[in-house]
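A.B. asks: model this:
(one chain, ligands or ions: 1)
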Amino acid sequence: MREKVVVPGEELGISEEYSSEENTYEDEDGTIYADSVGIARFDDDNREVRVKKNSTVRNFFPGSIVYAIVTGVRKNRVLVNILSAEKNGEKLVVNRSMAMIPIANVSTEFVRDLRNEFRIGDLIKAEVESIKPFGIRLLTNKPGLGVIKAYCSKCRHPLHLIGRELKCTNCGHTEKRKVSREFILK
Ligand SMILES: [Zn+2]
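C.D. replies: Okay, the predicted model is just below:
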């Protein structure tokens with residue numbers, strides 16, 4: 001049985017795949033949503049989806065680890081969309097997804113221009129520094145944090161980390177990033 005942490009309004013599937021059980025609802029198009037914070041249980045044998053309400057599921061907080069997609073890169077800051085969050089293996093609810101990494105938070109080494117370190121579409125692993133009403137700030141200047149998957153800017157093929165260089169095995173182009181040691185393709 002597949003399980004995931006969900007928030008109200010999160011899409012769970014369609015009525016052709018599952019019947020809508022406890023703490024879920026279906027709209028007129030047959031899309032099924034969660035109506036509560038909790039753990040969604042996808043029972044593929046019986047084709048049922050339900051949400052077990054869980055008031056102990058927490059929102060993400062400063063110190064949480066997040067996975068995010070880069071949506072914008074300026075000289076001095078990177079804009080990202082947070083996909084998921086966890087702390088010590090505990091899944092956390094991402095109740096706000098837009099976040100920013102200021103240049104000072106990116107690396108322990110001197111960084112002149114973030115356009116040399118990140119590109120739109122990169123998948124990154126980062127830590128939450130602060131959550132304020134006007135914005136969420138992340139950092140990547142700790143071990144294991146940074147870009148974990150990236151795509152060739154010439155042909156969009158996934159890049160491989162070879163030595164300290166990112167190389168496209170399709171067109172041969174090489175690129176630079178603020179790479180995490182957890183980079184996925186080696
Ligand atoms: Zn390429």
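
A.B. asks: My reading is that Gly63 lies in a helix. Confirm?
C.D. replies: No - assessed with DSSP: H, G, I helix; E, B strand; the rest coil, Gly63 is coil; it does not lie in a helix.

A.B. asks: Can you list phi and psi of it for me?
C.D. replies: With angles defined as degrees, to the nearest 10, Gly63 sits at phi 100, psi -20.

A.B. asks: How about the one 3 residues further on?
C.D. replies: Val66 adopts backbone torsions of phi -130, psi 150, taken as degrees, to the nearest 10.

A.B. asks: Isn't it up against Val94?
C.D. replies: Yes - if you go by C-beta atoms under 8 Å, Val66 and Val94 touch, sitting 7.4 Å apart. Where C-beta positions appear, they are placed from N, C-alpha and C, glycine not excepted.

A.B. asks: which residue sits closest to Ala34 in space, ignoring its chain neighbours?
C.D. replies: Leaving aside its chain neighbours, Ala34 sits nearest to Val6 (4.2 Å; criterion: C-beta to C-beta, 6 or more residues apart in numbering).

A.B. asks: What count of nearby residues applies to the one you found?
C.D. replies: 25 (other C-beta atoms under 10 Å).

A.B. asks: and it, how far is that from the ion?
C.D. replies: Val6 sits 37 Å away from the ion, going by C-beta to the ion, to the nearest Å.

A.B. asks: just Ile14 next, same as before
C.D. replies: 36 Å.

A.B. asks: residues contacting that residue?
C.D. replies: 30-32 (C-beta atoms under 8 Å, 6 or more residues apart in numbering).

A.B. asks: What subset of these is buried?
C.D. replies: The neighbour-count criterion (16 or more other C-beta atoms under 10 Å) marks Ile32 among the contacts of Ile14 as buried.

A.B. asks: Within reach of the ion, which of the contacts of Ile14 are there?
C.D. replies: With the criterion set as C-beta under 5 Å from the ion, no member of the contacts of Ile14 is near the ion.
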